[in-house]
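**Student:** model this:
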Amino acid sequence: MRARGALALVIGVLISTSPALPADVAAQGGPEMLVPGLEVRPVVSGLVTPTSLAFTGPSEFLLLEKNTGRVLVVRNGAVVGTALDLAVNFASERGLLGIALHPDFPADPGVYLFWSCEGPPPPAENPFLPVQTECADTPSLGADTDDILAVPLLGNRVDRFEWNAQTGSLTFDHNLVKLLSFQNDGAPEPPGQGDSAQPARGNHDGGVISFGPDGKLYVLFGDVGRRGQLQNLACGPTATTCPGTVTADDQFGGPEPDDAHFTGVILRLNDDGTTPSDNPFVAAGAAIGGEVGANVQNVFSYGIRNSFGMAFDPLSGQLWTQENGEDAFDELNRVTAGQNSGWIQIAGPSSRVAQFKEIESTSLHHEDFPNLQQLRWGPERIADTPAEALARLFMLPGAQYSEPEFAWKHVLAPAAIGFVPGRGLGPQFRGDLFVGFSVPEPLGGPLFAFNLTGNRRSIGVDDPRLDDRVADNIDFHELTESESLLVGQGFGVVTDIEASPAGSLYVVSLDHGMVSEVFRTR
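**Tutor:** Next comes the predicted model:
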């Protein structure tokens with residue numbers, strides 16, 4: 001089985017080999033900048049699957065390692081300690097994934113982590129039901145696992161820890177939310193799903209977290225392979241009429257977004273994990289009631305397949321994400337409150353839905369084709385017209401659909417995104433959106449820079465081929481029509497892009513096991 005999405009292809013290789021990654025990045029070509037005035041240099045290397053970082057001071061940051069569960073303390077370019085060592089399940093795209101500091105840090109020492117806990121695997125005679133519903137609130141530390149079934153049902157979680165600068169350590173404070181992790185969907189129940197050959201998976205966990213300028217915590221969580229209401233299948237993946245007969249998403253029920261099916265969303269939470277009263281679906285959730293209604297109240301945006309990039313524009317305060325397609329139409333999105341991003345009915349602009357269907361129906365890139373992650377909803381079911389696709393969307397009261405701001409026709413696999421907040425990279429890059437990718441050789445990890453329009457609501461372009469804001473590349477992982485956006489290469493699988501206190505950009509490479517600094521030379 002060949003996993004799709006931004007990171008699954010590379011992560012599948014990494015977790016099947018020795019945990020130690022090569023430190024000699026120069027032997028792999030190394031990152032380089034391709035535009036005048038910018039250079040790149042290594043900050044720290046020899047890391048094990050690093051995912052994201054957060055600055056705790058001018059020359060100090062906390063750095064996460066996906067596969068080890070370690071939060072490393074990096075100071076002046078050297079690892080000086082381990083603040084925390086969580087016991088993670090790192091199979092596929094699980095592990096220690098996201099970090100955010102409280103908006104009042106360090107006065108408030110809160111450090112928030114998105115990670116995947118481990119649990120006992122189910123017995124061989126019934127591998128389709130996890131042994132535990134959730135891990136204990138207090139996290140387990142130490143040994144990790146890549147057993148794809150060794151997770152509780154709700155094994156993805158966001159926790160608050162407190163930073164002690166004197167000891168360089170993190171201490172657990174409390175859990176904010178527990179989310180779906182277990183994926184083994186080839187169960188005999190419910191019958192007639194047509195996916196008994198589907199393997200267990202551990203992907204589409206997302207895991208990027210960030211505090212917005214409003215002081216709220218935003219949590220980007222992928223669809224974890226689900227096919228229910230929040231994936232725009234109002235009556236479930238195998239229903240033939242809707243409204244009408246509702247079909248279960250999997251052996252746990254659905255398609256309503258109870259805890260076992262609450263995926264494909266951006267959550268918006270108070271810093272203690274409670275629900276903000278001004279969330280877009282507070283009233284809708286109250287009307288639904290119960291577990292489903294409580295989940296809906298926490299939603300800021302839904303209809304999301306998966307993503308490894310989320311960032312707030314420092315000039316406008318608006319939220320931007322990238323969203324990974326299956327084989328067609330990766331996206332860059334400006335996300336507004338109550339937005340339905342369209343997945344699985346739409347990927348890319350709605351006007352291109354015929355191309356979306358054609359590519360997904362004829363792709364040669366799947367060993368297990370056709371897929372779309374869930375065999376129970378194949379690409380032949382994609383709508384034939386934009387009007388049909390839009391009419392199928394599951395719209396919560398107050399929801400709205402908006403088109404992506406940019407897309408790639410064939411998957412190029414964008415990953416981390418980050419903004420340049422000031423003039424640290426020179427006036428020509430002020431406010432630009434930098435995008436990293438998960439692209440194997442020979443492209444070798446490109447780095448793109450996007451200019452935003454004056455109102456900060458759209459992507460600005462110079463190449464007339466991009467006037468439609470779609471790069472019509474001619475094949476999977478191919479750069480046609482993106483040439484004007486390329487500013488660097490050799491960065492590998494980019495899992496985080498963060499502005500430093502000095503105004504440079506720090507770029508995390510998962511497969512190179514390093515953090516690099518992009519800086520201005522003139």
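**Student:** Kindly list the longest strand within this protein.
**Tutor:** Identified as the longest strand of the chain according to DSSP state E is strand 169-179.
**Student:** buried ones in it?
**Tutor:** Buried positions in strand 169-179, judged by neighbour count with 16 or more other C-beta atoms under 10 Å: Ser169, Leu170, Phe172, Asn175, Leu176, Val177, Lys178, Leu179. C-beta coordinates here come from the backbone N, C-alpha and C atoms, glycine included.
**Student:** ok, now stretch 135-149?
**Tutor:** For stretch 135-149, the neighbour count (16+ other C-beta under 10 Å) marks Cys135, Pro139, Asp144, Thr145, Asp146, Ile148, Leu149 as buried.
**Student:** Could I get the CA-only coordinates of that stretch as CSV?
**Tutor:** Provided in CSV are the C-alpha atoms of stretch 135-149 (Å, rounded to 0.1, in the frame of the first residue of the first chain):
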residue,chain,number,x,y,z
CYS,A,135,-5.3,7.3,27.4
ALA,A,136,-5.2,8.5,31.0
ASP,A,137,-5.2,12.3,31.4
THR,A,138,-1.7,12.2,32.8
PRO,A,139,0.6,11.3,29.9
SER,A,140,2.8,8.3,29.9
LEU,A,141,6.5,8.9,29.4
GLY,A,142,9.4,7.0,27.8
ALA,A,143,9.1,4.1,25.3
ASP,A,144,7.4,4.7,22.0
THR,A,145,5.8,2.3,19.4
ASP,A,146,5.1,2.1,15.7
ASP,A,147,2.5,-0.6,16.1
ILE,A,148,-0.3,0.9,14.0
LEU,A,149,-3.0,-0.7,16.1
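**Student:** and for that stretch, what are the contacting residues?
**Tutor:** Stretch 135-149 is contacted from outside by 15, 67-69, 84-92, 117-119, 121-122, 127, 130, 152, 155, 157, 159, 172, 174-175, 178, 182-184, 200-202, using C-beta atoms under 8 Å, 6 or more residues apart in numbering.
**Student:** quick one: the top helix by length along the chain to chain centroid distance?
**Tutor:** For the chain, the helix with the greatest residue count under DSSP state H is helix 353-362. The chain centroid and the centroid of helix 353-362 are separated by 23 Å under C-alpha atoms, centre = their mean, to the nearest Å.
**Student:** how far does stretch 204-224 stretch from start to finish?
**Tutor:** Start and end residues of stretch 204-224 are separated by 5 Å (C-alpha to C-alpha, to the nearest Å).
**Student:** Could I get the buried residue list for it?
**Tutor:** 204-211, 216-224.
**Student:** Count the residues that sit near Leu269.
**Tutor:** 22 (other C-beta atoms under 10 Å).
**Student:** Need the phi and psi values for it.
**Tutor:** Dihedral angles of Leu269 (phi, psi; degrees, to the nearest 10) stand at phi -130, psi 150.
**Student:** Run through the bridge partners of it.
**Tutor:** Leu269 has the following beta-bridge partners by DSSP bridges: Leu217.
**Student:** The longest helix of the chain packs against which elements?
**Tutor:** For helix 353-362, the packing partners by 3 or more C-beta pairs under 8 Å, 6 or more residues apart in numbering; DSSP states H and E come out as strand 328-335, helix 386-392, strand 406-410.
**Student:** of the ones you listed, which approaches Ala248 most closely?
**Tutor:** Ala248 lies closest to helix 386-392 among those, at 19.2 Å (C-beta to C-beta).
**Student:** Any idea which helix or strand in this structure has the lowest mean pLDDT?
**Tutor:** In the chain, no helix or strand scores lower on mean pLDDT, DSSP states H and E than helix 8-14, which sits at a mean of 47.
**Student:** returning to that earlier point: save the helices and strands packed on helix 353-362 as a markdown table, and put in mean neighbour count and distance to Leu485 too.
**Tutor:** As requested, those are exported to a markdown table (neighbours: other C-beta atoms under 10 Å; distance: least, C-beta to C-beta, whole Å):
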| stretch | mean neighbour count | distance to Leu485 |
| --- | --- | --- |
| strand 328-335 | 24 | 11 |
| helix 386-392 | 15 | 27 |
| strand 406-410 | 25 | 9 |
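**Student:** JSON lines for the ones you listed, including mean pLDDT?
**Tutor:** Formatted as JSON lines, these follow (pLDDT from 0 to 100):
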{"stretch": "strand 328-335", "mean pLDDT": "97"}
{"stretch": "helix 386-392", "mean pLDDT": "98"}
{"stretch": "strand 406-410", "mean pLDDT": "97"}
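**Student:** okay if I get the ones you listed as a markdown table plus distance to Pro314?
**Tutor:** A markdown table is the format used below for the helices and strands packed on helix 353-362 (distance: least, C-beta to C-beta, whole Å):
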| stretch | distance to Pro314 |
| --- | --- |
| strand 328-335 | 14 |
| helix 386-392 | 33 |
| strand 406-410 | 19 |
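**Student:** Mind checking the ones you listed for the one nearest to Pro237?
**Tutor:** helix 386-392 (12.9 Å).
**Student:** Show the pLDDT at Asp24.
**Tutor:** With respect to pLDDT, Asp24 has a value of 38.
**Student:** Likewise for Thr17?
**Tutor:** The model's pLDDT for Thr17 equals 34.
**Student:** out of the helices and strands packed on helix 353-362, nearest to Pro106?
**Tutor:** When the helices and strands packed on helix 353-362 are compared by C-beta to C-beta, strand 328-335 sits nearest Pro106, at 28.8 Å.
**Student:** Only the C-alpha atoms, please, for whatever helix or strand comes next after the longest strand of the chain, written as CSV.
**Tutor:** For strand 169-179, the following helix or strand on the C-terminal side (DSSP states H and E) is strand 208-211. Only the C-alpha atoms of strand 208-211 are listed here, as CSV (Å, rounded to 0.1, in the frame of the first residue of the first chain):
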residue,chain,number,x,y,z
VAL,A,208,-0.7,21.8,13.6
ILE,A,209,-1.7,24.1,16.5
SER,A,210,-1.4,27.9,16.9
PHE,A,211,-2.8,30.7,19.0
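**Student:** In the protein, where is pLDDT below threshold?
**Tutor:** 1-28, 364-372, 440-443 (pLDDT under 70).
**Student:** picking up where we left off before, can you select the buried ones from the contacts of stretch 135-149 in PyMOL?
**Tutor:** To isolate the buried members of these in PyMOL, using 16+ other C-beta under 10 Å:
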select buried, resi 15+67+68+69+84+85+86+87+88+89+90+91+92+117+118+119+121+122+130+152+155+157+159+172+175+178+182+183+184+200+201+202
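**Student:** Ile325 contacts Ile344, correct?
**Tutor:** That one is not Ile; residue 325 is Gly. No - using C-beta atoms under 8 Å, Gly325 is not in contact with Ile344, being 10.7 Å away.
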